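**Q** got a predicted structure plus its sequence, pasted below:
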Amino acid sequence: SEMMVLGCMLTSINSLNISADALEEGDFYKQEHKIIFQSLKNAHKNDKPADVHLIAEDLKNQNQLQDIGGVLYLTTLAQYAGTSAYIEEYIDLLKEKTRERYLYRKIEEINKTLSAGKKLKDIEHLLEDLMKAKETHTLDKMPVLPVGALLHSDAELSYIEKIAQEAAALRSGEKKFIGLPTGLTELDKIIGGMHPTDLLIMAGRPGMGKTALALSIATHAVLRAGKNVLIFSMEMSWESLLDRVAASETSIDGKKIRDRDLSEHDLEKLTEFFNALSRAGLFINEKTTAGIEQIVAEAKRVQNDYGLDLIIVDYLQLLNAKVSKHANREQEVAKISRGLKNLARELNIPVIAVSQLNRESDGRQDHRPLISDLRESGAIEQDADVIILLLRRDYYDPNDNRNQVEAIVAKNRHGDTNSAHLSFDRSLQRFSDLPTIETLLSQKSNIRADEESIRRTSEGRKKHDPSSKFRQR
């Protein structure tokens, strides 16, 4: 299994990314394999290509090439490579071997201790370690730190300094929310923006505007907040995504963009927009099928290369995960949702996962969705920090709240649950805040003022126009 993993890493960039993130040097038994793996991992960390020749050159520079058997052994590994599509399985085999070696070492320690005439109480800690390894099936270390060390870590700011800085930003008006804004005021007031480490589930029946809302949040973060956003799109191509974004941002009808029914003026607006977007921090991965392990590996790569502030996955039910052959779909989705939550925590950024709802809400008289309508909902509901359910009433009745979407915050780990009522222009795929009463009154006042100004201007022209007097006679 060690040779298969290293062979895949030498011949497949995807295997290199996944393995470098999932494994450590200690997972390899042979010393030459540890040396080769460390060279590969360094290449991954520094975003450098890695193949037989490049790794050979790197090891030669470190005077380690002969220690591993020379170029000939690297070539043998490359020929020994398994199918890169099964890299997760090879990694699991390697991890299992690591665990077995750990168990054997503990058993040997117990035997030596007993042979030396020690009593049972002298090996209790070894037995505890052995049982823990057996029960957890993992050797990952879980560091436990005293609160004092957490509050006064070596970070740039202590925790209280961070709180003070954020409070000052809110008081000065520099920021309205601690979290990353969605760009929709009413929704941000409820959830306080999108917080680092949060998993947000955005769910609805088909046609409710899930992808459009996710793209609206993404473009606001990229174009107006200057953030870096990675979108995993399993359902739509990158061209379709950008067509939607362009319609929303340029106010050109989405159908005209899709049909390429564009005037010269439209093309100028699109060119200007795409030039601006190309300089922004938007990243798109459009794999039609992807495993949670691949999502995590790719996200970490982009984080290391460019830095990330937000990840969007569209959509959750199209992801898969490696589970045992006896596991059902609900257990697979549980692994996916836990993987997304762990990714948000590890990268310290919010992750939005778009999700489908089952048909239960269609059968209700008011069509109002519930958390229980989430497909395979148990684990999703548990892992999510925020769950937003979308309801477009005009989808069921064209005359009911036309061009409006109710964003139902059904779960909010940080505060209250409530609904945000949003405006949704389907032709532009654009979400925006509904105008408030104050805004409507102000607009009405402005219209009246404009009408009065036009009337006075018209009367003034009549007084100075001789022909008007002639017509009056």
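**A** Yes, it's here.

**Q** now the helix or strand containing Arg105, how far from the chain's geometric center?
**A** Assessed by DSSP states H and E, Arg105 sits inside helix 87-115. Helix 87-115 sits 35 Å away from the centroid of its parent chain (C-alpha atoms, centre = their mean, to the nearest Å).

**Q** same thing with stretch 269-281?
**A** 23 Å.

**Q** number the residues from 3 up from this point.
**A** Happy to do that; since the first residue is 3 now, the last one works out to stretch 271-283.

**Q** quick one: buried residues of it?
**A** Of the residues in stretch 271-283, 271-272, 275, 279, 283 count as buried by neighbour count, 16 or more other C-beta atoms under 10 Å. The C-beta positions use only the backbone N, C-alpha and C, and glycine is treated the same way.

**Q** where does pLDDT dip in the protein?
**A** Counting by pLDDT under 70, the chain contains low-confidence ranges at 116, 118-147, 151-152, 154-158, 290, 325-327, 378-379, 438-475.

**Q** quick one: the strands in the chain, in order.
**A** Listed in chain order, the strands of the chain (DSSP state E) span 201-206, 231-235, 284-287, 292-293, 312-316, 321-322, 353-358, 388-393, 406-414, 420-427, 432-435.

**Q** list the buried ones in stretch 69-78?
**A** 70, 73, 75-76.

**Q** cool, stretch 363-370 as well?
**A** 363, 369.

**Q** pull the residues that contact that stretch.
**A** Stretch 363-370 is touched from outside by 207, 371-372, 375, 393, 395, 398, 410, with contacts defined as C-beta atoms under 8 Å, 6 or more residues apart in numbering.

**Q** at 10 Å what do you get?
**A** 206-207, 210, 371-372, 374-375, 391, 393-395, 397-399, 402, 408, 410, 421 (C-beta atoms under 10 Å, 6 or more residues apart in numbering).

**Q** what sits opposite the residue most central in space within the chain in the beta ladder?
**A** Taking C-alpha atoms, centre = their mean, the centroid of the chain lies closest to Ile313, which sits 2.3 Å from it. When bridges are called by DSSP bridges, Ile313 pairs up with Leu232, Val353.

**Q** ok, now how distant is it from Val73?
**A** 40 Å (C-beta to C-beta, to the nearest Å).

**Q** sorry, back to before: out of the contacts of stretch 363-370, which are buried?
**A** Buried among the contacts of stretch 363-370 (16+ other C-beta under 10 Å): 206-207, 210, 371, 375, 391, 393-395, 397, 408, 410, 421.

**Q** from these, which is closest to Val304?
**A** Gly206 (27.3 Å; C-beta to C-beta).

**Q** sorry, back to before: farthest pair within the buried residues of stretch 69-78?
**A** Among the buried residues of stretch 69-78, Ile70 and Val73 lie farthest apart (C-beta to C-beta), at 9.6 Å.

**Q** what do these two both touch?
**A** By C-beta under 10 Å, 6+ apart, the residues touching both Ile70 and Val73 are 57-58, 61.

**Q** need the helices for the stretch 3-152 of the chain, in chain order.
**A** 4-13, 15-24, 33-47, 54-63, 72-81, 89-117, 126-138, 149-153 (DSSP state H, counting those that start in this stretch).

**Q** looking at the ones you listed, which is buried most?
**A** helix 4-13 (a mean of 24; mean count of other C-beta atoms under 10 Å).

**Q** who are the packing partners of that helix?
**A** helix 15-24, helix 33-47, helix 54-63, helix 72-81, helix 89-117 (3 or more C-beta pairs under 10 Å, 6 or more residues apart in numbering; DSSP states H and E).

**Q** if you set the cut-off to 8 Å instead, what comes out?
**A** Judged by 3 or more C-beta pairs under 8 Å, 6 or more residues apart in numbering; DSSP states H and E, the packing partners of helix 4-13 are helix 15-24, helix 33-47, helix 72-81, helix 89-117.

**Q** got the angle between the longest one and helix 15-24?
**A** Going back to what we said before, that points to helix 89-117. 30 degrees (axes from the mean of the first three to the mean of the last three C-alpha atoms, to 10 degrees).

**Q** ok, back up a step: any chance of the helices and strands packed on helix 4-13 in JSON lines, with distance to Thr221 too?
**A** As requested, these are exported to JSON lines (distance: least, C-beta to C-beta, whole Å):
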{"stretch": "helix 15-24", "distance to Thr221": "27"}
{"stretch": "helix 33-47", "distance to Thr221": "31"}
{"stretch": "helix 72-81", "distance to Thr221": "43"}
{"stretch": "helix 89-117", "distance to Thr221": "33"}
